[in-house]
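> Here is a sequence with its predicted model. Questions after.
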Amino acid sequence: MHMHDYTEEMDVTTDAAIDLLQRAGTAVRVESVGDLDLDGIPVEVKVRTRPTPSDLRRELSRRRHRGATGKLAYVVPRATPSLVSVAVQEPTVVLIGVDDATLVNDGTLVRLGNSLVAERRPAPARVAWGRFALIRSLLRTPEPRTQRQLASESGITQAAVSKGLHEIGEAALAARRGSLPAAELLWARFLEEYPGARGIRSHWYSLDSPVRQVELVQRAYPGTLVSGDTGADRIAPWRVVTGARVYSHAGLDLASLGFAEASPDEATLTLVVPADPTIWATSAAWVEARTAPAGTADPLIIAHDVMRTGGSDVADAVERLHDQVFEAWHR
């Protein structure tokens, strides 16, 4: 069973739902942040905080209207009797009550007991991923760029760029004109406000060094991105690398590469299927400009991840990344 990290609110419900499915003997494979494979059947995941039976019926109606195949995993805090009543009559519904450890699959109700979530967590606010990606693009270079160029670098539309520039405010406009103080302000704002890539995490252990671990993963899965300590070591070596963090479009079974599944405390490598869809676009922009090695997340994502790994030398490591980013701004 994959062990998942419950430190970010958005991830708790999805990760706990996966654990409940695995406890019930279901083979789970993560295809993306919103899609699973359960015993070979494709499943679309919807997380809802206060749904009614009518909400569930409307979701099923929409799926039928668009010709969706597979099943719908409806993840809720509690599987109320009214929701259970609908789910047992709909074989395409997998109802998962996280707080009360209740599962309905193939029309069968199972109560697993021992809730995985001790207390109800508030629903997280919607994250403006495009705005955070735009900040990263603005910091890549002081050279002026069109909205079309910024959209390409950020992985968002030109309309989203226009909206993002307005939301970020004067600092964005000034940074776009090459203002160093504005760029410094955006750096600080990003590290303070970015909520992390979120998504679904699994944890792995290996006796190899973290650097060797990411080499093995990226050789087998070239589309992955390295972040955290191992990413920082590629861009601005400073601190001792104690762990690896890898972003992937889908869940990966690393056992075939010699890794063992582990708890978060024991893991030497964390694999993340991120909710933030912009990570690959901003990485590609930094790589194309040769300010980051191929297969590495952009420096701001790396700095954010390093800040959350702990250690006495974190501040120095982040400062090295800062200096690397702002080298272009001092020319």
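Received the coordinates, thanks.
> just the helices in the chain please.
Along the chain, counting by DSSP state H, helices occupy 9-23, 53-65, 81-88, 129-140, 147-154, 158-168, 170-176, 180-193, 210-220, 228-235, 279-288, 299-307, 314-326.
> Let me know the angle separating the last one from helix 180-193.
For helix 314-326 against helix 180-193, the angle between stretch directions is 140 degrees (axes from the mean of the first three to the mean of the last three C-alpha atoms, to 10 degrees).
> From the contact counts, what lies against helix 314-326?
Using 3 or more C-beta pairs under 8 Å, 6 or more residues apart in numbering; DSSP states H and E, the elements in contact with helix 314-326 are helix 180-193, helix 228-235, helix 299-307. Yep, even glycine has a C-beta here, placed from its N, CA and C like the rest.
> Pretty sure Glu261 sits against Trp204.
Yes: using C-beta atoms under 8 Å, Glu261 makes contact with Trp204 at a distance of 6.4 Å.
> tell me the domain ranges of the chain?
Domains of the chain are assigned by automatic domain parsing as 9-111, 129-193, 200-330.
> Dump the ones you listed to JSON lines, plus mean pLDDT.
JSON lines is the format used below for those (pLDDT from 0 to 100):
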{"stretch": "domain 9-111", "mean pLDDT": "86"}
{"stretch": "domain 129-193", "mean pLDDT": "95"}
{"stretch": "domain 200-330", "mean pLDDT": "91"}
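> tell me the centre residue of the chain?
For the chain, the residue nearest the mean C-alpha position is Pro274 (1.9 Å; C-alpha atoms, centre = their mean).
> Now it: phi and psi?
Main-chain torsions, Pro274, degrees, to the nearest 10: phi -80, psi 150.
> Contacts only, for the closest residue in space to it that isn't next to it in sequence.
Nearest residue to Pro274, sequence neighbours excluded (C-beta to C-beta, 6 or more residues apart in numbering): Ala197, at 3.6 Å. Contacts for Ala197 (C-beta atoms under 8 Å, 6 or more residues apart in numbering) come out as Tyr247, Val272, Pro274, Ala275, Asp276, Ile279, Ile301.
> Next: Trp286.
Counting by C-beta under 8 Å, 6+ apart, Trp286 has contacts Arg140, Ala292, Thr296, Asp298, Pro299.
> From Leu321, how far out is it?
Here the criterion is C-beta to C-beta, to the nearest Å. By it, Trp286 lies 12 Å from Leu321.
> Overlap in contacts, those two.
In contact with both Trp286 and Leu321: Pro299, using C-beta under 8 Å, 6+ apart.
> Throw the helices of the chain into TSV and include distance to Val45, thanks.
Output for the helices of the chain, formatted as TSV (distance: least, C-beta to C-beta, whole Å):
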stretch	distance to Val45
helix 9-23	7
helix 53-65	12
helix 81-88	15
helix 129-140	18
helix 147-154	26
helix 158-168	24
helix 170-176	34
helix 180-193	27
helix 210-220	24
helix 228-235	26
helix 279-288	20
helix 299-307	24
helix 314-326	34
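> if we compare those, which one ends up closest to Ala73?
The closest of these to Ala73 is helix 9-23. By C-beta to C-beta, the value is 7.0 Å.
> Count the residues that sit near the closest residue to Glu90 other than its chain neighbours.
Leaving aside its sequence neighbours, Glu90 sits nearest to Leu60 (C-beta to C-beta, 6+ apart; 6.3 Å). Neighbourhood size, Leu60 [other C-beta atoms under 10 Å]: 17.
> Could you pull up the contacting residues of Leu60?
Leu60 neighbours (C-beta under 8 Å, 6+ apart): Leu72, Glu90, Thr92, Val93.
> could you redo the last one with a cut-off of 10 Å?
Leu60 is in contact with Ala68, Leu72, Tyr74, Val86, Glu90, Thr92, Val93, counting by C-beta atoms under 10 Å, 6 or more residues apart in numbering.
> list the contacts for the spatially closest residue to Asp229 that is not a sequence neighbour?
Among residues not flanking Asp229 along the chain, Val241 sits closest, at 4.4 Å (C-beta to C-beta, 6+ apart). With C-beta under 10 Å, 6+ apart as the criterion, the residues that contact Val241 are 209-211, 213-214, 228-234, 309, 317.
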